[in-house]
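Trainee: missing the sequence, but the structure's below:
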């Protein structure tokens, strides 16, 4: 239908508006003449698109179902059509010297809002959510109906990798688009009295890039990339609005004494605040539920954070926005309101108390039920965000991305990852560059652009979201931007994508680690803080659980991947690795 009957748009609308207008015209109900108008007749369809016909000829009326070919006239809203009958009645249209009609198109504000609305971004980041802890990824015990519905409405990625194996460095990769061999933050590092090592002012974050393009930018949840007043605090890294925890350690408590509202502390009503790390009272009976009451507060921080995020959506419904929602859930401590615990208590699981006898966060009488309830709580929050997009008529204009910053925690006494099969067949947990510590669930929805209910095994990582989001928003990256990411849009839309040569990770924590993925192969090194380390090699297609080291059998592959490891690691003064950098003190 297009081609001969191509609708060209005026210069004052984006290029794709013509296609949208054409769709609106083809779907509109028959138009009616306005008898109150004299020499100019306006028409109104069910999309409230107004067409202005200037009468100069004698040809008949308007057929709202007609397709029409138009030519753009500079500095004008005028369009030219070859169609003779564009409607009903005897109303006349102006003709040019070739006998074609001239139709002035004046879309109403409502139509312009529909066809010219820029893309919004909602990025939801779970905290320590394992690869198999959602129903859509095979979880059988924890209920996540709203996130599962998100998967059914978009694409599920099965080979997506977090930026790193713990919180802060993973977020640094996400926001800057640089893999851990180039990123500034490569491990968690606190900066007392509050916050973590700040990313420098020179770094360009995805929020800064979108803010420069006129986007409203908001962050709601846990930050962890620079304490208050530092170069890395959210308001200095591209966010117009921030509400939540600045410091990761502070976020260990879900009933804290305060949260950050932009650059101001606001008090919560927990009196006293519940600590993130504490034990039972000395005389407390660990088998008495009342002994755990001290770890229950009254002012649940996720409620406050979620409300602020919803308010941000409503406030910015009429302008493009980037909403970054780095939830604290399900990171321990095991803090969840009793009401949300009840559905899992009713299941009658064998659920021995977590008493913190060997350390950890705070005790809980029913830790399995608490952990499941926290993930279901996150599911409810995701559902409310999506419902708000629907209510505001923004769902079709919003790219939604859901993922996790790393794998399930290794603190088995608190989170029974065996009971939940949290990482399934994968090896490793949080803090590890084996698959279970860094391969994470990832769901993406964009109605009309991403086919619903699809799955992609494209090799992808957090560094890809910066270029992907810019491409989705039709924004070119600035010439001075350095990124290691790839634009995933073709793969998300089910199109063929040239396989990436490699995906690289390194991590200064948990002994120092390095990994690289290339096709079916993965190379891993451990204990790099002690010095040079042997390279392990796994065939992930045949052995997703990384049980059989093939390094001795495939030395050719090992040599190729070690070359990538050497090339992609840039020495960091803040996070040296003895096994890669040598002794920097010599």
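Mentor: That came through, no problem. Fair warning: this is a prediction, and the values are worked out from it, not measured in the lab.
Trainee: can you give me the helices in the chain?
Mentor: 17-27, 109-115, 145-152, 167-176, 206-212, 301-315, 338-345, 367-391, 417-420, 435-438, 465-472, 489-492, 555-568, 578-581 (DSSP state H).
Trainee: same question for the third one, mean pLDDT?
Mentor: Averaged across helix 145-152, the pLDDT comes to 98.
Trainee: likewise for the fourth one?
Mentor: Within the predicted structure, the mean pLDDT of helix 167-176 is 98.
Trainee: what about it, distance to the chain center?
Mentor: Relative to its chain's centre, helix 167-176 lies at 12 Å (CA atoms, centre = their mean, to the nearest Å).
Trainee: what's the angle from that helix to helix 465-472?
Mentor: 30 degrees (axes from the mean of the first three to the mean of the last three CA atoms, to 10 degrees).
Trainee: ranking the helices of the chain by mean pLDDT, which is last?
Mentor: helix 17-27 has the lowest average pLDDT among the helices of the chain, namely a mean of 41.
Trainee: spit out the contact partners of residue 522.
Mentor: 435, 515, 516, 537, 538, 540, 546 (CB atoms under 8 Å, 6 or more residues apart in numbering). Using the backbone N, CA and C atoms, a C-beta is placed for each residue, glycine as well.
Trainee: near the second one, how many other residues are there?
Mentor: Think residue 515. 28 (other CB atoms under 10 Å).
Trainee: ok, the spatially closest residue to it that is not a sequence neighbour - how many residues close by?
Mentor: Sequence neighbours aside, residue 433 is the residue nearest to residue 515 in space, at 4.2 Å (criterion: CB to CB, 6 or more residues apart in numbering). Per other CB under 10 Å, the neighbour tally for residue 433 reads 24.
Trainee: the nearest residue to residue 306 once chain neighbours are set aside and residue 123: what is the separation?
Mentor: Leaving aside its sequence neighbours, residue 306 sits nearest to residue 381 (CB to CB, 6+ apart; 5.2 Å). Counting by CB to CB, to the nearest Å, the gap from residue 381 to residue 123 is 14 Å.
Trainee: try residue 513
Mentor: When residue 513 is compared with residue 123 (using CB to CB), they lie 26 Å apart.
Trainee: do the same with residue 296
Mentor: 31 Å.
Trainee: of those two, give the one with the bigger neighbour count.
Mentor: residue 123 (21 against 16).
Trainee: now do the contacts for the residue nearest to residue 515.
Mentor: Contacts of residue 433 (CB under 8 Å, 6+ apart): 165, 505, 506, 507, 513, 514, 515, 524.
Trainee: 10 Å instead, please
Mentor: 161, 164-165, 180, 505-507, 510, 513-516, 522, 524-526 (CB atoms under 10 Å, 6 or more residues apart in numbering).
Trainee: adding distance to residue 480 and mean neighbour count, write the helices of the chain out as JSON lines.
Mentor: Below are the helices of the chain laid out as JSON lines (distance: least, CB to CB, whole Å; neighbours: other CB atoms under 10 Å):
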{"stretch": "helix 17-27", "distance to residue 480": "31", "mean neighbour count": "18"}
{"stretch": "helix 109-115", "distance to residue 480": "33", "mean neighbour count": "16"}
{"stretch": "helix 145-152", "distance to residue 480": "35", "mean neighbour count": "20"}
{"stretch": "helix 167-176", "distance to residue 480": "13", "mean neighbour count": "29"}
{"stretch": "helix 206-212", "distance to residue 480": "11", "mean neighbour count": "20"}
{"stretch": "helix 301-315", "distance to residue 480": "29", "mean neighbour count": "18"}
{"stretch": "helix 338-345", "distance to residue 480": "47", "mean neighbour count": "14"}
{"stretch": "helix 367-391", "distance to residue 480": "34", "mean neighbour count": "21"}
{"stretch": "helix 417-420", "distance to residue 480": "43", "mean neighbour count": "17"}
{"stretch": "helix 435-438", "distance to residue 480": "30", "mean neighbour count": "29"}
{"stretch": "helix 465-472", "distance to residue 480": "14", "mean neighbour count": "22"}
{"stretch": "helix 489-492", "distance to residue 480": "23", "mean neighbour count": "21"}
{"stretch": "helix 555-568", "distance to residue 480": "21", "mean neighbour count": "15"}
{"stretch": "helix 578-581", "distance to residue 480": "27", "mean neighbour count": "18"}
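Trainee: quick one: closest of the ones you listed to residue 401.
Mentor: helix 465-472 (6.8 Å; CB to CB).
Trainee: which strands and helices sit next to that closest one?
Mentor: Contacts defined by 3 or more CB pairs under 10 Å, 6 or more residues apart in numbering; DSSP states H and E place helix 465-472 against strand 120-126, helix 167-176, helix 206-212, strand 398-404, strand 442-445, helix 489-492.
Trainee: could you check the angle helix 465-472 makes with the first one?
Mentor: Regarding strand 120-126 and helix 465-472, their directions subtend 160 degrees when assessed with the same axes, to 10 degrees.
Trainee: run the chain-centre distance for strand 120-126.
Mentor: With CA atoms, centre = their mean, you get 3 Å for strand 120-126.
Trainee: okay, residue 496: pLDDT?
Mentor: For residue 496, the model assigns a pLDDT of 85.
Trainee: quick one: least confident helix or strand in this structure?
Mentor: strand 41-43 (a mean of 32; mean pLDDT, DSSP states H and E).
Trainee: contact partners for residue 496?
Mentor: residue 490.
Trainee: just the contacts of residue 522 now: which is nearest residue 338?
Mentor: Among the contacts of residue 522, and counting by CB to CB, the member closest to residue 338 is residue 435, at 35.5 Å.
Trainee: report the contact partners of that closest one.
Mentor: Applying CB under 10 Å, 6+ apart, the residues near residue 435 are 131, 159, 161, 407, 423-428, 515, 517, 522, 524, 538, 540, 544-546.
Trainee: can I get the buried part of the residues you listed as one ChimeraX selection?
Mentor: The buried residues among the contacts of residue 435 can be selected in ChimeraX (16 or more other CB atoms under 10 Å) with this line:
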select :131,159,161,407,423,424,426,427,428,515,517,522,524,538,540,544,545,546
